[in-house]
Every structure is written in structure tokens, then in C-alpha cells.
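> generate coordinates for the sequence data below:
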Amino acid sequence: MIDMLKKEIVDTTNATISVDEPMKKHTTYGIGGPAELFVLPSDKNDLISIVQLSKKYKQTVTIIGSGSNLLISDNGIKGVVISIKHCLRTINVDIDKIYVECGTMLGKIVKESMKHDLKGLENLIGVPGTLGGALMMNAGAWGGEVSENLESVELLNDKNEIEILSKSDIDFSYRSSSFGNDIILLSAIFKLKKSDKKIIQDNFDLAKSGRKNTQPLNYRSAGSVFKNPSSKHSAGMLIDQSGLKGFSVGDAKISNKHANFFLNTGDAKADDMISLIKQAKDAVKDQFNIQLDLEVRLLGFNSEEISEL
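Numbering: from 1, shown residues only. Purely as a prediction, here's the structure:
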């Protein structure tokens, strides 16, 4: 089936395809086994066609962006993995509104809004990844969340139809949204406010320096591993106070700089990261009776492996 799907994608689209593509080449962790079929669509039409063809051949579809916030199994991912980071990158600004396709990096969106003296997104300069992933998890930093200035979202639903949702149609909460795993985010519109250049630049500089001073930017990571359990307890503080800063399994290490960042210091495997995750969860539970929930997204693991976390 996968060979027939590959042939039809080649015959009917301009996508780039590879078989058994190592996913460690496409994640910020530098970790991950092979994708059975890895596809880079050339544009939105390609993307929609590839999703439709994958369903025709009864193949599961996994969408990724820049590969941040992901931990992919050493066994890889079955079915079709589609990366949107090269095909959904359009940005258009119209007065106080900014239209952005979901394969666009957040940093680029921030800088584009700043060019037009638009305030409201600059706190997100410290958040890695593309807009699509950020919206799915309602990413945020330095007191701001990506959903705050959102007006509407364009998505591909499970019937392969394009649908427009207003912000009021979507439930956002801390590091969570009501988007299901069976939809694909295509674009979004944000309504921002015109502001003084200096105010915007000061907000930007504060977020950028905060990230530089507190996060281990010189190492491969996926960003925060766990959600903060409450406003009083950060996951990093709890892991630190459990005595795990600097703890390592193989080449996977809990950062000495920020204990909620787990690092690939060499050739770490997904299993090494899973061991660290279990150690951190168990230590915090034993010490503080607080349950840590994952913020990082797991791909390619079976239900039994996930349930053990």
C-alpha cells in the first residue's frame, strides 16, 4: 500500500518524498527513528492532496513543523509523516491584522509584526517552532500565549474540507487547545495593536534576554519537557529541588541551567529521554506529591509505553 501511495504522490504532486527517513534529522532533539514515508509538500494544494491520498490508502498521517516540542521513538513512525515547514510560510500584514500560514516560524512572525509597529506577539520570541504547533498547544512565554490576539484559524478537517473557526469556537487553556489530532492547521489571523516602537522593542528585548539567561540554548532540546503544575510551582523548580539537575542517562541530560530542559549532549536515544522523564516524574511525585504532565509531544510510541509515563 505504501508503495502505491508513494507512486501516486509522485505522479500527481510536486512534493519531495523519502522512504525510511531518519526523523532525528528533522527534530530539535536530534532524536528519532525512521519515518515509513516522509513527505515535503510544495504548497497548500499539495498538502491537501497528500492527506487525501493517504486516507485513500488507509495510511496514518502525522504532521510536523520544525520538529521542536517532539520526542520521536527510536523505532520511528509508521505511515506518512508530512512536514509543513517549507510549504505554509506566507505572511501578509493589513493595517492591524496579520495573516500567517502555519508552517511559519514564530520568530519570523514576531519580527514581521514589529516591522509594522504591531504589539502583542513580541513575548513569543523565546518560543521555538512553527505557528501550527504553537496553536495546537497554546504555546507561550513571559506571560503571553499565542492565542491571546488570535482572531480566526483556517484548518483542514477530518473530511478533508477547509474550515474557518473564530477564536470563540476554540477552547484554549494553559498549554492546551480543543483542536483534535484529526485536523491540520493551515493559517491564522491575528488582530494586533499599533504601538510605539520603543515599547515593542523593550518587550522584545526583555523576552529575548530572559530566554538567553535562563535556557540552555547551546544544546539540542525540545524546549520545556513538562507543563508547570501551577502558578506557584514550576516544573523546573520542582525537578531542581528533587536534586536532579545535571542527572543523565546515556547522552540525555537534565540541564544544569534549567531543570525542565532535557538535553541531547551527543547521541542520545529516545529511550534515554524516556528514562529521564520517568526519573523526574517519580522524584517530584515522591518528594512533593505533585504529578508532572508532559508538555513535549510523543510520537511513534505505543499506548503501553505512553501509559507508563
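
> now the chain, which segments are flagged as low pLDDT?
By pLDDT under 70, the chain has no low-scoring segment.

> 80 - rerun?
Residue ranges of the chain with pLDDT under 80: 126, 141-143, 209-214, 307-309.

> domain ranges for it?
Domains of the chain are assigned by automatic domain parsing as 2-83, 91-213, 218-307.

> what is the end-to-end distance of stretch 49-68?
Across stretch 49-68, the terminal residues are separated by 25 Å (C-alpha to C-alpha, to the nearest Å).

> buried ones in that stretch?
Applying a neighbour-count criterion of 16 or more other C-beta atoms under 10 Å, one finds 49-51, 53-54, 57, 59, 61-68 buried in stretch 49-68. Placement of C-beta: from N, CA and C, glycine included.

> among these, which pair sits farthest apart?
Tyr57 and Ser68 (29.3 Å; C-beta to C-beta).

> host element of Ser187?
According to DSSP states H and E, Ser187 maps onto strand 184-191.

> what about Thr90, how many neighbours?
13 (other C-beta atoms under 10 Å).

> check contacts around it.
Residues in contact with Thr90, defined by C-beta atoms under 8 Å, 6 or more residues apart in numbering, are Tyr99, Val100, Glu101, Thr104, Ser187.

> Glu101 now?
Here Glu101 is in contact with Lys44, Leu88, Arg89, Thr90, Ile91, Leu131, Leu186, Ser187 (C-beta under 8 Å, 6+ apart).

> show me where the stretch 101-250 of the chain has its helices.
Here the stretch 101-250 of the chain has its helices, by DSSP state H, counting those that start in this stretch, at 106-115, 131-137, 197-214, 235-241.

> which single one of the buried residues of stretch 49-68 is nearest to Val81?
Using C-beta to C-beta, the buried residues of stretch 49-68 come closest to Val81 at Thr62, 4.8 Å.

> assign that closest one to helix, strand or coil.
Per DSSP: H, G, I helix; E, B strand; the rest coil, the local secondary structure of Thr62 is strand.

> so who does it touch?
Ala35, Ile77, Gly79, Val80, Val81, Ile82, Leu299.

> these in strands, which ones?
Secondary structure from DSSP state E places Ala35, Ile77, Gly79, Val80, Val81, Ile82, Leu299 of those in strands.

> the first one touches Ser73, doesn't it?
No - counting by C-beta atoms under 8 Å, Ala35 stays clear of Ser73, with 10.9 Å between them.

> which residues touch the residue most central in space within the chain?
With distances taken as C-alpha atoms, centre = their mean, the residue of the chain nearest its centroid is Gly133 (4.0 Å). Counting by C-beta under 8 Å, 6+ apart, Gly133 makes contact with Ile64, Gly65, Ser66, Ser68, Asn69, Ala139.
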